[in-house]
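[1] here are the coordinates; sequence isn't available:
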């Protein structure tokens, strides 16, 4: 399987900005599935590029799973360190609109393994301006 290319920072930011209103307001209309998918995939690939390695697997079903963080490599079966969440929570984490602790406490983020929480050191990936949504 060919390696995926690293996410372009400008494309990643544009994809996140396209769904920003939904990230900030759960009651707003959800963006198109393709817009959500693009933002999720690009931010996850940005994490994988920023924190290269294969000791933690980040899963955002149904859109993407990436391995990141240097350390012991996982090759078969269920990885020992897994982060799994829904697309909206992932994008809120990736933009700093929520924290790992808050998402885990609310039940929207599952962390398993002693190293899963290390992704927090790499977040946020895209900084949003503190501005009102129009």
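    Looks like it arrived, so ask away. These numbers were taken from a predicted model, which means no experiment stands behind them.
[2] all contacts plus neighbour counts: C-alpha atoms, from now on.
    OK.
[3] which stretches of this structure have low pLDDT?
    Applying pLDDT under 70 to the chain flags the ranges 1-5, 74-76, 130-134.
[4] which SSE is the spatially most central residue of the chain in?
    Among the residues of the chain, the one closest to the centroid is residue 90, at 4.2 Å (Cα atoms, centre = their mean). Secondary-structure assignment from DSSP states H and E places residue 90 in helix 87-95.
[5] Show me the longest helix that occurs in this protein.
    helix 33-50 (DSSP state H).
[6] Flag every buried residue along it.
    Of the residues in helix 33-50, those buried by neighbour count under the rule 16 or more other Cα atoms under 10 Å are 36-49.
[7] For residue 11, state which of these is nearest.
    For the buried residues of helix 33-50, the closest approach to residue 11 (Cα to Cα) belongs to residue 42, at 7.9 Å.
[8] quick one, what contacts the closest one?
    7, 8, 11, 12, 15 (Cα atoms under 8 Å, 6 or more residues apart in numbering).
[9] So which residues of this structure form helices?
    9-18, 20-24, 33-50, 87-95, 100-106.
[10] could I get those as CSV with distance to residue 127?
    Output for these, formatted as CSV (distance: least, Cα to Cα, whole Å):
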stretch, distance to residue 127
helix 9-18, 9
helix 20-24, 11
helix 33-50, 12
helix 87-95, 5
helix 100-106, 16
